[in-house]
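> how does the following fold in three dimensions:
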Amino acid sequence: MTAPAPESGARPQPNSNSERKILVVDDEPDTLQLLARRIQSAGYRVITASDGMEALNLARKENPDLVVLDLMLPKMDGYKVCSFLKFDERWKSIPIVLLTARANAEDRTKAAEVKADHFLTKPCDLRELMEIVDRHVARGRG
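Prediction:
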C-alpha cells in the first residue's frame, strides 16, 4: 500500500526529500497513519505495510531509503524482518528504526543483535523520529 505523495506546485530538486522513500510498518492502523502522515509532511514518499511479511517483500521490491519498523507484527516480527534485511548484502545498508511499546534491556540487546540502527519506544517523540529519519537520509547509505 503506497500513501499518496503530498501535493506541491514546486518541482522537486535533485536529492530532495520527495525522491526519498520511507517504508513505515505497523499493524495498528492509527499509528501507521500518524507516522506516515508525519513523514509525508516532511516531503518524503511513504510506503506502508501492516505485517512483517508485507514489510519484507516491500523492502526488497521498493529498496527504501529507510524503514520505520514496529516490533510486534503479525506473520513475522520486526526482529526477523530487520535480521533478514541486515544480514543480506543487497539490503544491509538500509537504515532501520525499530519502534516498540516494550522498552526493556532484553529488547534493546536483541535490536543491537539484529543490527537495527535505532530503537525508539512508543509512543515516540515525532520530532526525534524525524531527526533520525532526516539524519540517515541526508547521510545516505554506505
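> ranges for the strands of this protein?
21-25, 45-49, 66-70, 96-100, 118-121 (DSSP state E).
> could you identify which of those strands is most buried?
strand 66-70 (a mean of 27; mean count of other C-beta atoms under 10 Å). All C-beta spots, glycine's among them, are computed from the backbone N, C-alpha and C.
> other residues contacting it?
20, 22-28, 31, 35, 39, 55, 59, 78, 81-82, 85, 94-100, 116, 129, 133, 136-137 (C-beta atoms under 8 Å, 6 or more residues apart in numbering).
> ditto for stretch 100-110
70-72, 78-79, 119-122.
> now it - C-alpha only, PDB.
What follows is stretch 100-110, C-alpha atoms only, in PDB (Å, rounded to 0.1, in the frame of the first residue of the first chain):
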ATOM      1  CA  THR A 100       8.100  -0.800  20.200                       C
ATOM      2  CA  ALA A 101       5.900  -0.400  23.200                       C
ATOM      3  CA  ARG A 102       8.300  -2.600  25.100                       C
ATOM      4  CA  ALA A 103      11.500  -1.000  26.300                       C
ATOM      5  CA  ASN A 104      13.300  -3.400  28.500                       C
ATOM      6  CA  ALA A 105      17.000  -4.100  28.300                       C
ATOM      7  CA  GLU A 106      16.400  -7.500  26.600                       C
ATOM      8  CA  ASP A 107      14.600  -5.800  23.700                       C
ATOM      9  CA  ARG A 108      17.400  -3.300  23.200                       C
ATOM     10  CA  THR A 109      20.000  -6.000  23.300                       C
ATOM     11  CA  LYS A 110      18.100  -8.000  20.600                       C
END
